[in-house]
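Q: pasted the sequence and its predicted model underneath.
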Amino acid sequence: MIIEILKRIWQIFLLLVLQVFLMNHIHIMGYGSPLVCVALLLYFPVNANRVLTMLWAFLLGFLVDVFSSTPGLSAASMTLVAFLQPGWLRLWVPKDSPEDFLPDFRTMGRWNHLRYLTALLLLHHGVYYLLESFSFFNLTDLCMTAGISFGFSWLSIVVLELLRRGEKKHA
Amino acid sequence: MFAWIEWIKTHLHWLVFLLLETASLVMLFRFNMYHHSVWNTQANAVAGKVLAWENELHSYLKMKELNGQLVRENLILMHNNRVMAEELESLKHDTTYVERLMAAQLDTLNHIPARVISNSVRMKDNLMTLDKGAADGVREEMGVVSGTGVVGIIYETSPHYSLVLPVLNSNSSISCRLRGTDFFGSLTWKGGSPLDAFLDGIPLHARFRVGDIVETSGHSSVFPPGIFVGKVSEVFSSQDGTSYELKVRLSVDMANLRDVIIIDNPDWQEIDTLQSRAMGGGLQ
């Protein structure tokens, strides 16, 4: 239990550092920064406590908000994705898998995992940029920003996953 | 009796979801430009400190001393240049009382150099954090400029940090004029490219060309007149057709900003109080 909590705190710390110190400084073509904090939700097993999942996601979202002066924005979108994640994950779990099945390149198959990841990312970016542009509706701009940002977040998260897999092989 | 406890147990995740979403949305929609609170932004002490450390590291890599010195030097030279240009102008024709007054005003300016520790350009309401705060003499409503032009206005201060409402914020509005004329309007930003802003309210009989210089008008108490803002890049007519709307290419690259100067002018503050008193204090 304690190890579980420490692991989550470590993941949140890493993603926060990555988001605030690296990704927030990248402005592709003048707008759209990658949002990688949603990667946290890829590390929850299928039998994870839904309430705890949401609380962890909210915490990371809130911290990212504090460091980027976007009060409530990441927190709201992270919570929503965390709420929908278990149902979505269940669709991809193979029938004969263990109870604490952890989605991964290997356990899930490369393509299924990519599809699972892409959908979570799409949802997160959709909600984030819709909320951000709430009072300011400019559809082309919105799609441009969200699209560019989504593309780069997707790349970064796939690279992250590849790094994670490499690490596990070594261990 | 136990039925509803069971019900809550099975639906707990719904309740937590609604609670967390409500909390986030309250934060999102309550934080507007009139809500004086900085605890959940970068200007709070902890986030400010961490971002300041990060910035230290960055500027070490980018030769921070040299950079700051150059900007300060540049600003002083530009300021001198402006004073001299004004002097020259006043020598060309009759030296009027107003012009001498203006030159005197420029001399009274106090400069507080500061460093940008955090900045964004991709949101619709961007904010910027500086490493100087109330303890360094920074107050709300002071103007912020860089070596190349206007950056924004101080919006909130904490003891050691301050939050700037930059030009790239949909709530920002800065009174500007076309250099060499008295036609003025307000400069606003409508999202999109961080290099383009819009100047509204230039009357249809105004004469100007694409490429003309836009500078601060001095009509507000925040900036002295004549600080460079940008150049006219395109001309549109406003939605109601009664004035021009000019697209302005900003001279400051907000995405790449490190050293700035906060303009402190005690006289302008006094003028501001006088004005608001004259207007009954409640008209703004």
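A: Alright, I've got the coordinates. As the structure is a computational prediction, the values presented were derived from the model and not from experiment. Numbers count the residues shown, from 1 in each chain, chains lettered A, B, ... in the order given.

Q: nearest residue to residue A:89 in space, please, no chain neighbours.
A: residue A:46 (5.6 Å; CB to CB, 6 or more residues apart in numbering or on different chains). Any C-beta I mention is one placed from the backbone N, CA and C, and that applies to glycine too.

Q: longest helix in chain B, please.
A: Under DSSP state H, the helix in chain B containing the largest number of residues is helix B:64-92.

Q: about what we covered before: count of neighbours near the residue nearest to residue A:89?
A: By other CB atoms under 10 Å in any protein chain shown, 17 other residues sit near residue A:46.

Q: cool, residue A:22 as well?
A: Neighbours of residue A:22 (other CB under 10 Å): 13.

Q: any idea how far the lowest-mean-pLDDT helix or strand in chain A is from the chain center?
A: Of the helices and strands making up chain A, the lowest-confidence element is helix A:105-108, at a mean of 78, by mean pLDDT, DSSP states H and E. Offset of helix A:105-108 from its chain centre (CA atoms, centre = their mean, to the nearest Å): 18 Å.

Q: report the buried residues of the longest helix belonging to chain A.
A: Of all the segments assigned as helix in chain A under DSSP H, the longest by residue count is helix A:139-170. Using 16 or more other CB atoms under 10 Å in any protein chain shown as the test for burial, helix A:139-170 gives A:141-142, A:144-146, A:148-150, A:152-154, A:156-158, A:160-161.

Q: cool, and stretch B:176-193?
A: Result for stretch B:176-193 [16+ other CB under 10 Å]: buried residues B:176-178, B:183-189, B:191-193.

Q: please apply the same query to stretch B:44-59.
A: Buried residues in stretch B:44-59 (16+ other CB under 10 Å): B:44, B:47, B:48, B:50, B:51, B:52, B:54, B:55, B:59.

Q: ok, and of those, which contact chain A?
A: Under the cut-off given by CB under 8 Å from any CB of the partner chain, chain A has B:44, B:47, B:50, B:51, B:54 from those close to it.

Q: what bridges to the most centrally placed residue in chain B?
A: Nearest to the geometric centre of chain B sits residue B:152, at 1.1 Å (CA atoms, centre = their mean). As for beta bridges, residue B:152 partners with residue B:144, residue B:166 under DSSP bridges.

Q: surely it and residue B:171 touch.
A: No - at 10.6 Å, residue B:152 and residue B:171 do not qualify as touching, with contact defined as CB atoms under 8 Å.

Q: which neighbours do those two share?
A: Common neighbours of residue B:152 and residue B:171, counting by CB atoms under 8 Å, 6 or more residues apart in numbering or on different chains, are residue B:165.

Q: re earlier: just the buried residues of stretch B:176-193: which are in strands?
A: Within the buried residues of stretch B:176-193, residues falling in strands by DSSP state E are B:176, B:177, B:178, B:184, B:185, B:186, B:187, B:188.

Q: from residue B:184, how far out is the first one?
A: In this view, residue B:176 and residue B:184 are 6 Å apart by CB to CB, to the nearest Å.

Q: list residues touching both of the two?
A: residue B:217.

Q: how many neighbours does residue A:58 have?
A: With other CB under 10 Å as criterion, residue A:58 counts 23.

Q: assign residue A:35 to helix, strand or coil.
A: coil (DSSP: H, G, I helix; E, B strand; the rest coil).

Q: any regions of the chain where pLDDT drops low?
A: Chain wasn't specified; assuming chain A. Along chain A, the parts satisfying pLDDT under 70 run over A:29-31, A:134-138, A:167-171.

Q: right idea, wrong chain: chain B
A: B:1, B:31-43, B:62, B:64-65, B:90-109, B:266-269, B:271-272, B:275-276, B:279-284.

Q: where do the strands sit along it?
A: B:110-119, B:128-130, B:143-146, B:149-157, B:162-166, B:174-178, B:184-188, B:196-203, B:213-216, B:228-237, B:243-250, B:259-264.

Q: format these as JSON lines; extra columns: distance to residue A:58.
A: Output for the strands of chain B, formatted as JSON lines (distance: least, CB to CB, whole Å):
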{"stretch": "strand B:110-119", "distance to residue A:58": "23"}
{"stretch": "strand B:128-130", "distance to residue A:58": "24"}
{"stretch": "strand B:143-146", "distance to residue A:58": "34"}
{"stretch": "strand B:149-157", "distance to residue A:58": "25"}
{"stretch": "strand B:162-166", "distance to residue A:58": "24"}
{"stretch": "strand B:174-178", "distance to residue A:58": "37"}
{"stretch": "strand B:184-188", "distance to residue A:58": "34"}
{"stretch": "strand B:196-203", "distance to residue A:58": "36"}
{"stretch": "strand B:213-216", "distance to residue A:58": "43"}
{"stretch": "strand B:228-237", "distance to residue A:58": "41"}
{"stretch": "strand B:243-250", "distance to residue A:58": "37"}
{"stretch": "strand B:259-264", "distance to residue A:58": "35"}
